[in-house]
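[1] model this:
(chains A and B)
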Protein chains: 2
Amino acid sequence: MTEVAPASPRTTLRRGANRAVYERDRVRAILDAGVIAHVGVTTDDGPIVLPMAYGVRAGETGIGDGEILVHGALANAMLRAGRSLDVCLTVTIVDGLVVARSPFHNSMNYRSVVVRGVATAIDDPDEKAVALRVINDHVAPIWDTARPPSASDLKKTLVLRVPLAEASAKVRDGDPIDDDVDMDGPHWAGVVPLTTTWGTPCPAADLADDVVVPDAVRALGGADAHPH
Amino acid sequence: MTEVAPASPRTTLRRGANRAVYERDRVRAILDAGVIAHVGVTTDDGPIVLPMAYGVRAGETGIGDGEILVHGALANAMLRAGRSLDVCLTVTIVDGLVVARSPFHNSMNYRSVVVRGVATAIDDPDEKAVALRVINDHVAPIWDTARPPSASDLKKTLVLRVPLAEASAKVRDGDPIDDDVDMDGPHWAGVVPLTTTWGTPCPAADLADDVVVPDAVRALGGADAHPH
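    From the prediction side, this is the model:
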């Protein structure tokens, strides 16, 4: 399967279909720009949604046969709690508050990707190390600024992969869409943009004075966290 | 029930319990500072998680018997798709990238609230109008800058409430926690802060020149989107 979507009717929303964009490149751009994913699983007493760091790896033919990777204690807890490995990973970037002439049309500008699929654990240590690098380097390439992980580190870390075969993007941007009857009224309409930026790296209190900030970390400072 | 948590073992995570904070005030502060919620439901073919605007209303005795409110087409689609009205609403604010001396300890600083409960629709038009004001005014008080909603607007809008009885907060902040063996190594450690700010309001292209930006909207420009 080389197309991200519309591979599955499950990722097609009936309402708001005009905002749905199915291009693989758009899915990839949003996943690259996002910082965390909200991951949902079904448990015996209802759904649960938790925030997680993630990484994206393209497949042999591109993003369509690629995968999204998550790791850590939370993934572990979710797997234990979940009835199955069916997951939904949602990445959302809010770009602005849309203020309309009537409250009914107030909205938000945003970019969002929904990935649904079955999570599987990566057991092979070499493959796990590669996957962990992808997750660690998602926001900034910080994997190489740290010491390499030990065999014990790798053993303790659970890494899950979810195929990107069922992924869809949804984007709202631009001005509010008001009713014709309100267009000549006295009410303001427009957008208040929301921007997210990385600040100046702040050394740990217990860091030795002679350790300099790595270029990969310094480069993040002042960068737009959510490039378009 | 007047305590937000630990009312239920469902909102207590086994791992990371040291980061769990149960105070009602903390839950309230995080919900107030967040912009969107990621809402999960269980459907016949797995969980689905979608981003939604929301609002928070305290109850008679405070946040513990208060509720979280969501509305709109997405809520509608989720209700139709869901097997039940069990939902999980998660609000997360990412505050920084935590760069450790070993990749195993790389992390993020964040504030997050997880609310689990049963969603119910608000049918009474007056109650619905009040709930919609709470949702619309969550980010900034823009309800009164627009024309009042019509009876038809209200009828078309689905509003859901979820009690805050089962809510828990989780916060990670501060420096990375590295292994003792790494403390004297050559690797950098620290935090790169992430900040989100509202920009200058941008009028809609079709707005008449003589309509001024409302104070409530102007006040948002330059404000921290996620105050601590």
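[2] which residues touch the residue lying closest to residue A:25 once chain neighbours are set aside?
    What sits nearest to residue A:25 in space, not counting adjacent residues and going by Cβ to Cβ, 6 or more residues apart in numbering or on different chains, is residue A:63, at 7.8 Å. Quick note: C-beta positions are derived from backbone N, CA and C, even for glycine. Contacts for residue A:63 (Cβ atoms under 8 Å, 6 or more residues apart in numbering or on different chains) come out as A:4, A:24-25, A:27-28, A:56, A:164, A:167.
[3] try it again with 7 Å
    For residue A:63, the contacting residues are A:4, A:24, A:27-28, A:164, by Cβ atoms under 7 Å, 6 or more residues apart in numbering or on different chains.
[4] what packs against whichever strand or helix holds residue A:40?
    In this structure, residue A:40 sits in strand A:36-43 according to DSSP states H and E. For strand A:36-43, the packing partners by 3 or more Cβ pairs under 7 Å, 6 or more residues apart in numbering or on different chains; DSSP states H and E come out as strand A:46-59, helix A:73-81, strand A:86-99, strand B:37-43, strand B:46-52, strand B:86-99.
[5] let's go with 8 Å and repeat that
    Secondary-structure packing of strand A:36-43 (3 or more Cβ pairs under 8 Å, 6 or more residues apart in numbering or on different chains; DSSP states H and E): strand A:46-59, strand A:62-71, helix A:73-81, strand A:86-99, strand B:37-43, strand B:46-52, strand B:86-99.
[6] flag every buried residue along the second one.
    It stands for strand A:62-71. A:63-71 (16 or more other Cβ atoms under 10 Å in any protein chain shown).
[7] what's the closest of the residues you listed to chain B?
    residue A:71 (10.0 Å; Cβ to the nearest Cβ).
[8] which residue is the nearest non-sequential neighbour of the closest one?
    Closest to residue A:71 by Cβ to Cβ, 6+ apart is residue A:159, at 4.4 Å.
[9] same check on residue A:28?
    residue A:63 (4.6 Å).
[10] burial count for the nearest residue to residue A:224 once chain neighbours are set aside?
    In this structure, residue A:224 finds its nearest non-sequential neighbour in residue A:197, 6.0 Å apart by Cβ to Cβ, 6+ apart. Residue A:197 has 16 neighbours, counted by other Cβ atoms under 10 Å in any protein chain shown.
[11] give me the three-state assignment for residue A:197.
    For residue A:197, the assignment made with DSSP: H, G, I helix; E, B strand; the rest coil gives strand.
[12] the bottom helix or strand of chain A by mean pLDDT?
    When each helix and strand of chain A is scored by mean pLDDT, DSSP states H and E, strand A:20-21 comes last, with a mean of 46.
[13] now the element after that one, going C-ward?
    Following strand A:20-21 in sequence order, the next helix or strand is helix A:24-33 (DSSP H and E).
[14] how far off centre is that following helix?
    The chain centre lies 9 Å from the centre of helix A:24-33; the measure is Cα atoms, centre = their mean, to the nearest Å.
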